[in-house]
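# no sequence on this one, just coordinates:
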């Protein structure tokens with residue numbers, strides 16, 4: 001698979017291998033013909049936890065180390081949710097993880113912003129009322145125009161005096177980067193953007209002993225912990241197989257998956273709203289799980305020889321998608337159970 005190359009440009013990114021992004025052609029989006037995807041986040045193949053841990057280590061080592069106060073880590077739906085999950089773990093007990101979402105969910109003060117070139121342009125972020133942070137760390141897979149980032153920064157600029165952006169690759173022109181930093185400075189926000197594709201490799205110092213706060217949709221604590229434990233038990237009883245998480249519902253799935261011994265973890269796959277065309281190179285197959293009125297969800301590069309058991313994790317809003325996937329797996333002789341996560 002090729003290193004990331006921006007269509008029509010000569011710039012080639014050759015940083016650490018884990019920062020590699022793959023070019024995909026978008027389906028039905030005249031405003032943005034191409035996009036990019038990490039091969040490690042479970043969308044086009046099984047999740048690669050070792051690679052995500054290496055990315056988190058690289059980012060944590062490259063961020064300033066002397067920031068007072070707690071850190072808010074913001075994962076951008078959907079491509080950066082897992083990236084931010086692993087980074088929050090690396091930053092430890094001083095970190096609080098929150099996901100942006102295309103749905104209204106979670107308790108807190110809603111901050112709404114637009115992703116202009118997206119198939120789901122309106123996003124929200126729920127923050128605890130009155131909570132302040134020493135810094136905000138926004139996690140993205142790639143930056144192209146920077147419009148979404150700017151909209152988010154305008155919505156949350158009062159959350160902390162310093163904002164850091166961590167991206168696998170920053171493809172914005174230098175002038176665009178400079179203008180955003182200057183605009184934020186006028187608003188009293190110190191902004192820095194870390195392009196991991198231009199960072200040096202770092203050795204892995206091992207995980208921190210203090211766990212972070214990773215309940216990114218602010219689900220009631222008892223509900224979150226109880227659902228995670230129930231899913232963990234079901235994964236253990238499955239022994240081997242595939243854990244499919246649908247849409248944004250990766251928090252409970254990841255918490256349960258990580259609670260298992262490495263040798264007992266099932267294959268982790270992400271059913272996503274990202275609409276890409278089959279190109280025979282990065283995207284070799286696409287299963288469209290459209291179940292109106294729910295938006296299109298897709299499973300890419302489904303292996304020919306799948307394990308015989310699977311668990312499908314989603315929320316009530318994506319239940320029709322889970323049912324279509326269950327029917328598909330059953331048609332192939334694969335035992336499939338669905339798990340519905342309580343809403344945030």
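Thanks, I have it. Predicted, not measured: the structure shown is a model, and the values here were computed from it.

# can we go C-alpha only for contacts and neighbour counts from here?
Noted.

# how much space between residue 68 and residue 133?
With the distance defined as C-alpha to C-alpha, to the nearest Å, residue 68 ends up 9 Å from residue 133.

# What ranges in this protein fall below the confidence cut-off?
By pLDDT under 70, the weakly predicted segments of the chain are 1-15, 30-31, 106, 117-120, 201-209, 304.

# domains of this protein?
In terms of domains, the chain is parsed into 49-198, 219-341 (source: automatic domain parsing).

# got a markdown table for those domains, with mean neighbour count too?
Below are the domains of the chain laid out as a markdown table (neighbours: other C-alpha atoms under 10 Å):
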| stretch | mean neighbour count |
| --- | --- |
| domain 49-198 | 19 |
| domain 219-341 | 18 |
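
# okay if I get the ones you listed as JSON lines plus distance to residue 37?
Below are the domains of the chain laid out as JSON lines (distance: least, C-alpha to C-alpha, whole Å):
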{"stretch": "domain 49-198", "distance to residue 37": "7"}
{"stretch": "domain 219-341", "distance to residue 37": "9"}
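
# do you know which of these lies nearest residue 210?
Residue 210 sits nearest to domain 49-198 of all the domains of the chain, at 4.9 Å, using C-alpha to C-alpha.

# Can you check the distance spanned by that closest one, start to finish?
OK, domain 49-198 end separation, C-alpha to C-alpha: 22 Å.

# just stretch 35-45 next, same as before
Stretch 35-45: ends 17 Å apart by C-alpha to C-alpha.

# So for the protein, the centremost residue is which one?
For the chain, residue 81 is the residue whose C-alpha lies nearest the centre (C-alpha atoms, centre = their mean; 1.9 Å).

# could you list every residue that touches that one?
Contacts for residue 81 (C-alpha atoms under 8 Å, 6 or more residues apart in numbering) come out as 75, 99, 248, 250.

# The second one contacts residue 79, correct?
Pointing back at residue 99 there. No: Residue 99 sits out of contact with residue 79 when judged by C-alpha atoms under 8 Å, with a separation of 10.9 Å.

# where does the residue lying closest to residue 276 once chain neighbours are set aside fall, phi/psi-wise?
What sits nearest to residue 276 in space, not counting adjacent residues and going by C-alpha to C-alpha, 6 or more residues apart in numbering, is residue 26, at 4.5 Å. When quoted as degrees, to the nearest 10, the phi and psi of residue 26 stand at phi -80, psi 150.
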